[in-house]
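Asker: give me coordinates for this.
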Amino acid sequence: MIWKTRKRAESPPSTSQGAGSGSATAVALSPARAMAAEGETPTAAPSLVAEGAPNTECETLVAPEQDPDDSQEREFQQVKEDIHRQVIGRIDLSFIGTMNDRELRLEVRRIAEQVLEQEGGRLTPEDRERLLEDVIAETFGLGPLEMLLKDTTISDIMINGSSTVYVERKGKLSRTKVKFANDAHLVKIIQRIVGGVGRRIDETQPMCDARLADGSRVNAIIPPLALDGPLVSIRRFGAKPLQGEDLIRNDSITREMLDYLRAAVRARLNIVVSGGTGSGKTTLLNMLSSFIPSDERVATIEDAAELRLQQDHVIRMETRPANVEGQGEVTSRDLLRNALRMRPDRIIIGECRGAEAFDMLQAMNTGHDGSLTTIHANTPRDAVIRLEMMVGMAGFELPMWTIRRQIASAVNVVVQAARLSGGLRKITRIAEITGMEGEVLTMHDLFVFHQTGLDSQRRAQGYFSATGVRPYFAERLESTGNGLPMQAFEQRLLNGGR
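Answerer: Okay, the predicted model is just below:
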């Protein structure tokens, strides 16, 4: 029988015992040697080794070597934590109220430099500057996240515990070298984020939706629900909202499709944007809202405020979760009912996901034409089915044909967005709801994207086409001064796509 025990790399062989995190090597001791190391007298044991055979009493196990970069990063984080603690202890709090943000940052940097000089540590100029910037980020910002938030090419930040951070650039995921000191450090940053919008996260309420100052969407979940450390997802939006021309340049839409959507918004058609997670629904909703005339009063309702409308007359509302006592919750449905009393010309709901669908359809049917919302679904037909289901969640025992008639009367256009292979985002369908035939809701496609395959980089390839169907709302577009030439809808391939 072979006995195996591991030891830390820095421990002498004579004192090695149990395994520890960060082990670089491992040795094995025979039972006799292990007992001798503990001060016990070994007893004789029958030999299982044939005479003349090589001695296999001791087997050496080699554990994976510790990554020196990880060791240096941990040491750097420890030094940063010590410097930050000393800086906070030396700040004269009586003068903070008299300084603006720039002066306060300069003062913190000056104190941090003094601490570094007194510590006498050997740091390269690059590490010294990084340490100073990190201390300032810890004091005023979001710590290690600050560097990622400054990178405008990043669209998503995904944190899987304190030592694993992924980002998405141009639809591709990659792991970064960004690390937090430990899980407690990450939780502190999360609490700073959610506290900024008046919410809380702790063991009694371990999940939270929030937003950053720039409108980026944040979702966080911490232990005990997150088993391997705190989890954070940050969906970022560009400093400048994408416009229709940007979508054309990105081959996400064609000129004919954009012209139709612009006319539909200006003609006050009710539009539902459908798509999966990360398909660009909010980006598309922002783009569509840019076509709303500036003289209209628009009310927005969201779980976490992400929409950035460019009109002046906008009233923004945000839901509120219940407090720790289970009181004080304000839902989208509550806000929608209140918004109807605020004389809005249009209502935009960031995402329809529950019983508020019933009130939204009622609003669309009672004078609030031109309203917009988004819904999670894979096709326009699936979006209608989900709407039926959510209306049923409102608590009213309505027959299905009544619900479908409400939808057919309220919703005019469904725009389908999708995130395709390789990270490409495209408008894959624009469909109109034309009414009812018996108990069946009828709809037809005006424009469709056809995927034909993948290129060498596994990015989706395909083309846009017009189906040749005349728009059901052509007369309404014409009567509101937003008519389009019928040639735009003739059956043919359209420019755009890849």
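Asker: show residues contacting the strand ranked longest in the chain.
Answerer: In the chain, assigned by DSSP state E, the strand with the most residues is strand 440-454. For strand 440-454, contacts defined as Cβ atoms under 8 Å, 6 or more residues apart in numbering pick out 254, 256-257, 260, 380-381, 384, 404, 407-408, 414, 418, 420-422, 426-436, 460-467, 469, 471-472, 489, 494, 497. Just so you know, the C-beta spots here come from the backbone N, C-alpha and C atoms, and that holds for glycine as well.
Asker: list buried residues within these.
Answerer: Among those, the ones that count as buried by 16 or more other Cβ atoms under 10 Å are 254, 256-257, 260, 380-381, 384, 404, 407-408, 414, 418, 420, 422, 426-434, 460-467, 469, 471-472, 489, 494, 497.
Asker: in helices, which of the residues you listed appear?
Answerer: When DSSP state H defines the helices, the subset of the buried ones among the contacts of strand 440-454 inside them is 256-257, 260, 380-381, 384, 404, 407-408.
Asker: quick one: mean pLDDT over the longest strand of the chain.
Answerer: Average pLDDT, strand 440-454: 94.
Asker: with stretch 164-184 instead?
Answerer: The model assigns stretch 164-184 a mean pLDDT of 90.
Asker: quick one: end-to-end length of that stretch, please.
Answerer: 15 Å (Cα to Cα, to the nearest Å).
Asker: in which helix or strand would I find Ile315?
Answerer: strand 314-318 (DSSP states H and E).
Asker: that strand pairs with which strands?
Answerer: Partners of strand 314-318 in the sheet, by DSSP bridges, are strand 298-302 (parallel).
Asker: thinking again about what came up before, now find how far off-centre the strand holding Ile315 is within its chain.
Answerer: Relative to the chain's own centre, strand 314-318 is displaced by 22 Å; criterion: Cα atoms, centre = their mean, to the nearest Å.
Asker: only the buried residues of the longest strand of the chain, if you could.
Answerer: 441, 443, 445-449, 451.
Asker: again, but for stretch 220-237
Answerer: Applying 16+ other Cβ under 10 Å to stretch 220-237 flags 220, 222, 226, 229-232, 234-237 as buried.
Asker: want to throw the residues you listed into a markdown table with distance to Gly395, pLDDT and secondary structure?
Answerer: Formatted as a markdown table, those follow (distance: Cβ to Cβ, whole Å; pLDDT from 0 to 100; DSSP: H, G, I helix; E, B strand; the rest coil):
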| residue | distance to Gly395 | pLDDT | secondary structure |
| --- | --- | --- | --- |
| Ala220 | 31 | 95 | strand |
| Ile222 | 33 | 95 | coil |
| Ala226 | 33 | 94 | coil |
| Gly229 | 39 | 94 | coil |
| Pro230 | 36 | 95 | coil |
| Leu231 | 33 | 96 | strand |
| Val232 | 35 | 96 | strand |
| Ile234 | 35 | 94 | strand |
| Arg235 | 31 | 90 | strand |
| Arg236 | 37 | 87 | coil |
| Phe237 | 35 | 78 | coil |
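Asker: distance of the nearest residue in space to Phe291 that is not next to it in sequence from Leu288?
Answerer: Leaving aside its sequence neighbours, Phe291 sits nearest to Val265 (Cβ to Cβ, 6 or more residues apart in numbering; 3.9 Å). Separation of Val265 from Leu288 (Cβ to Cβ, to the nearest Å): 6 Å.
Asker: find residues that contact each of these two.
Answerer: Contact criterion Cβ under 8 Å, 6+ apart; residues shared by Val265 and Leu288: 271, 372.
Asker: Thr467 and Gln310, how far apart?
Answerer: Relative to Gln310, and taking Cβ to Cβ, Thr467 is found at 32 Å.
Asker: likewise for Ile347?
Answerer: According to Cβ to Cβ, Ile347 stands 17 Å off from Gln310.
Asker: those two - which one has more neighbours?
Answerer: When Ile347 is set against Gln310 and neighbours are counted by other Cβ atoms under 10 Å, the residue ahead is Ile347, at 24 against 12.
Asker: touching, the more buried one and Glu302? I think so.
Answerer: No. Ile347 is not in contact with Glu302 according to Cβ atoms under 8 Å; the separation is 11.7 Å.
Asker: doesn't the residue nearest to Phe291 lie inside a strand?
Answerer: No. Per DSSP: H, G, I helix; E, B strand; the rest coil, Val265 lies outside any strand segment and is helix.
Asker: can you read off the pLDDT for it?
Answerer: 96.
Asker: surely it meets Leu258?
Answerer: No. Val265 is beyond contact range of Leu258, at 10.8 Å (criterion: Cβ under 8 Å).
Asker: so who does the residue nearest to Phe291 touch?
Answerer: 271, 288-289, 291-292, 370, 372.
Asker: from the residues you listed, which would you call buried?
Answerer: Buried, going by 16+ other Cβ under 10 Å: 271, 288-289, 291-292, 370, 372, out of the contacts of Val265.
Asker: of the residues you listed, which pair is most distant in space?
Answerer: Farthest pair in those (Cβ to Cβ) is Ile271 and Ile292. Separation: 11.1 Å.
Asker: what's the span of stretch 458-475, first residue to last?
Answerer: Using Cα to Cα, first and last residues of stretch 458-475 are 43 Å apart.
Asker: hmm, back to that, filter the contacts of Val265 down to the ones in strands?
Answerer: Taking DSSP E, the ones among the contacts of Val265 that sit in strands are 271, 372.
Asker: so which of the contacts of Val265 are in helices?
Answerer: Short answer: the contacts of Val265 in helices (DSSP H) are 288-289.
Asker: can I get the contacts of Val265 in TSV with distance to Thr204 and pLDDT?
Answerer: Below are the contacts of Val265 laid out as TSV (distance: Cβ to Cβ, whole Å; pLDDT from 0 to 100):
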residue	distance to Thr204	pLDDT
Ile271	40	96
Leu288	39	94
Ser289	37	92
Phe291	44	94
Ile292	42	94
Gly370	42	93
Leu372	36	94
